[in-house]
Structures are given as C-alpha cells and as structure tokens.
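Student: Let me see the structure of the following:
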Amino acid sequence: MSNLKKIIFVPHGAPTFALDPGAAGSAMSRISKEFPTPRAVLCISPHWETSLPTVGSSKQFETIYDFYGFDERIYQIKYPATGCPELAGEVQGILLKNGIECLLDPDRGLDHGAWMPLRQLYPDANVPIVPLSLQGHKGPQHAYRLGAALSALTDEGILLVASGNLTHNLDDYRKIMMQGGSTPAYVHEFANWLFEMLSAGDIESLINYRRINKDAVRVHPTEEHLLPLFFALGAAGKNSRAEAFYRGISDYVLAMDAYAFRT
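Tutor: Sure, this is the predicted structure:
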C-alpha cells in the first residue's frame, strides 16, 4: 500500500472531548499534517440527521452546542469555520447526477460531531467546511452509496471527514456511571472485529454487520454513530485498505478508533 487517500474516519467521543482530546486528539492532529492543506473539508456527522441528504451551504458557521449538562467551559469554545457555498452546490449536483435526491441548507451550523474533531484537525479554522447530513434510517448501504458518489472530490483537493464512534451504547454508560464497573467486554470485541474486517477489506461482512456480529445491536442500539464509517468506505473504494491510526476506549463504552485509507 502506498497512496494515502484524502478520506478519514475519526471519533468525536463525548462532549468532554473538547476539553480533553487526549491521545485520540493528538492522533488526529498528526494525521492532518500528512495531507496537503485541503481546498475544503466535507464532513458527515451523526448529529445531523435528515430524511434526505442535505448539504450545509452557509458562508459562516455557528458553533452548535447540541448537548447539555457539561462543563461550562465547553460552551465558551467557538469554532469559527467558514463555509464553501460553491462546493456545497457541487456536492448537491454530484448526488443528483447519481440519482440521490439532495437539498441545500444555508442556515445550519456545525454540531459537535463535526466541530469537535475538526478542531483537532484544523485548530485555526483556516480550512472551509461543508457539512453533509446523515440518514440514520437508511442503513449502511445508503451511507456507502453516498460516499462512493462523492469519492471523486478527493481529486479536487477535498478532504472527506467521517465523524462517528465505532461503539456507542449510552445506556450502558449510564449504568456504569451509576452502579460502577468497567468497560464491557463487548466494546473491545466489537472494535476488534471491525479492525479485522477493515484490515481484510471485507466490505460485505461490514455492511451486514448487524446480521453477522452477535454484539452489533447492543453496541449500536441505533446505527447513526457507525454509519459515517460506511460513508468513508464507499468513498475509499474496494481497492483501498483501512489503516488504523489510533485505537482506544473512552468513557467506558466509546471506541475512539480512527482510520485512514490507502491504495
């Protein structure tokens, strides 16, 4: 494997990640330096779900605090990213040409699934951002198709950033916080299974993970936090291999694994 593609899957963790990004944040900072400064970043986040794919076409993004009850310092953080309306229009056009209905939203800001990892990648907010919404109800195949349709953007100097988490059961997190305990075995096991499938390039098993893996439904009671991975896989293409540039667990139940793609 040689060429690093302009596609990454990154975790955003809990909102506390903004104050304590730790080793995962450091890994993101390092990987960003392996890419030439992109013309713009197209970012898909599980915290913007819509019935149809929607592209943020704002010229200047508000920082959205779509969480509550956390350290007040988090709500003082701003990520003053500029947008790229012309790229937003191009993304819409590409999806329409591929038979995927798509809308533009000139008012949407950046949710924490977008701005928190982007702040690690480009802390100076000096790269224009175009957010793309997720369709959590349409499953892995749809997310894969979205990524595949937009893969050619990487040839135009666009970095595709898929933000999510490989494991995400907040009910189990709350139980551990209330009753005590440690990271459940299934968190490690599922992240390791994904690592094996990604390393082998087994796209079929990955897309059918909910049927194949015994822990899948417990790990993801709802799918939205894993679907960005399929977007990244679709964009990377079948001839690429995923390469983990960070692996670890945060807050008991959140696998913070991050992946880049090479051909």
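Student: Show me the helices in the stretch 1-150 of the chain, by range?
Tutor: For the stretch 1-150 of the chain, the helices defined by DSSP state H, counting those that start in this stretch cover 22-32, 85-97, 112-121, 139-149.
Student: among those, which is the most enclosed?
Tutor: Highest mean neighbour count of the helices of the stretch 1-150 of the chain: helix 112-121, a mean of 26 (counted as mean count of other CB atoms under 10 Å). The C-beta positions use only the backbone N, C-alpha and C, and glycine is treated the same way.
Student: counting contacts, what elements does it pack onto?
Tutor: Here helix 112-121 touches strand 4-11, helix 22-32, strand 40-49, strand 129-134, strand 158-164, going by 3 or more CB pairs under 8 Å, 6 or more residues apart in numbering; DSSP states H and E.
Student: Can I get those in JSON lines including distance to I212 and mean pLDDT?
Tutor: As requested, those are exported to JSON lines (distance: least, CB to CB, whole Å; pLDDT from 0 to 100):
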{"stretch": "strand 4-11", "distance to I212": "20", "mean pLDDT": "97"}
{"stretch": "helix 22-32", "distance to I212": "27", "mean pLDDT": "98"}
{"stretch": "strand 40-49", "distance to I212": "22", "mean pLDDT": "98"}
{"stretch": "strand 129-134", "distance to I212": "22", "mean pLDDT": "98"}
{"stretch": "strand 158-164", "distance to I212": "19", "mean pLDDT": "98"}
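Student: which one of those lies closest to F70?
Tutor: Closest approach to F70 among those is made by strand 40-49 (14.5 Å; CB to CB).
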